[in-house]
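Undergrad: okay, sequence plus prediction incoming.
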Amino acid sequence: MSKAIVQTVAGGPEVLEWRDVELAAPAAGEVLLRHTAIGLNFIDVYVRKGAYQMMTLPGSPGMEAAGIVEAIGPGVTDLAVGQRVAYVMTVPGAYSERRVVPAERMVPLPDDIDDSSAAALMLKGMTAERLLHKTTQAAAGDTVLVHAAAGGVGLLLTAWAKAIGCTVIGTVGSKPKVDEVRRAGADHVIVTADEDVVARVAEITSGRGCRYVYDGVGKDTFETSLAAVAKYGHLVSFGNASGAVPPVNIAVLAPKCIALSRPQVFPYIAERADLLEAANNLFAAMRKGIVRADINHTFPLAQAAAAHQELEARRTTGQIVLLP
């Protein structure tokens, strides 16, 4: 018997319950993992609400975690009992003390990458890596706009883009978040409650706009992003924090020949070779200090509902980790 956060219906944070669960022994190609740290992401909110149909109810949310292999199923030859690993998967279930998982989705953790940092960055870090290097090819000299720059992915995009040599403009919802985004490397920070984003971007870029716009907010910022992107630029809409973007008439892209994409990280890492490449690129960036696991909030796993409340109220910055 083990403990997990379980929900039986879609809904608000109150549907997340701390329960006893039974675990089967790992089958062929599987391992039993004891979680040591669990990452909390906004996608967990979408899953909890039922906006993303990724979890069969009753079920446990959570897409990423780090832990220690406790048992190995038949046919697993590249992992060992006691080995430290981390993962991000499309099947929720990380909000648990223990979990049986596919061995092929486990990423061995190097000795210099700690469990909490890995749990905090597997999903958000690889998302930032893929957005910058696969969805786009951000390069030195590019001017980029990062919406919600004080959020988990936003801080990583800001820091990584700055390390590449980009001029980074970040948006935040309130003044208290400005300093953190500047520390991450932003050249300019726009407070959306006080400033006109489009006008400020035009002022900063002398009217040219931004080569790349990374928009994880969705409905509330989409029109702003269209107006802020440069001619021949690329608008990357990768999240729905404020709700889904309404249907778009693609003719609106024509005047500036804008490229529009709606990526997510999972197709990029579906193959194990791509998963390991993205993870290794992330670990290398962590070693160099390009990106950091700024874990500003930790909660006991049993208090996952409280963590969700804080995240949805936008009272958090950086990364959130749940500790079993």
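TA: Thanks, I have it. Numbers count the residues shown, from 1 in each chain.

Undergrad: longest single strand anywhere in the chain?
TA: Ranked by residue count, the top strand of the chain under DSSP state E comes out as strand 30-40.

Undergrad: neighbouring strands - and their directions - for it?
TA: Here strand 30-40 has these sheet partners by DSSP bridges: strand 64-72 (antiparallel), strand 98-102 (antiparallel), strand 319-323 (antiparallel).

Undergrad: for residue 288, find the nearest of these.
TA: strand 319-323 (18.3 Å; CB to CB). Where you see a C-beta, it was placed from the backbone N, CA and C, and this is true even at glycine.

Undergrad: what mean pLDDT does that closest one get?
TA: The predicted model gives strand 319-323 an average pLDDT of 94.

Undergrad: what ranges do the helices span in the chain?
TA: In the chain, the helices defined using DSSP state H lie at 42-49, 115-130, 152-164, 178-184, 197-204, 222-228, 265-268, 272-287, 304-312.

Undergrad: which stretch among these comes nearest residue 36?
TA: Nearest of those (CB to CB): helix 115-130, 4.4 Å.

Undergrad: name the helices or strands packed onto the closest one?
TA: For helix 115-130, the elements it packs on are strand 30-40, strand 64-72, strand 84-88, helix 152-164, helix 265-268, helix 272-287, strand 295-300, strand 319-323, judged by 3 or more CB pairs under 8 Å, 6 or more residues apart in numbering; DSSP states H and E.

Undergrad: now render the ones you listed as a markdown table, adding distance to residue 227 and mean neighbour count.
TA: As requested, these are exported to a markdown table (distance: least, CB to CB, whole Å; neighbours: other CB atoms under 10 Å):
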| stretch | distance to residue 227 | mean neighbour count |
| --- | --- | --- |
| strand 30-40 | 32 | 25 |
| strand 64-72 | 34 | 22 |
| strand 84-88 | 33 | 23 |
| helix 152-164 | 20 | 26 |
| helix 265-268 | 27 | 19 |
| helix 272-287 | 31 | 17 |
| strand 295-300 | 32 | 16 |
| strand 319-323 | 31 | 23 |
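
Undergrad: turn those into a markdown table, columns for distance to residue 107.
TA: Listed next are the helices and strands packed on helix 115-130 as a markdown table, based on distance: least, CB to CB, whole Å:
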| stretch | distance to residue 107 |
| --- | --- |
| strand 30-40 | 12 |
| strand 64-72 | 9 |
| strand 84-88 | 5 |
| helix 152-164 | 17 |
| helix 265-268 | 14 |
| helix 272-287 | 5 |
| strand 295-300 | 19 |
| strand 319-323 | 17 |
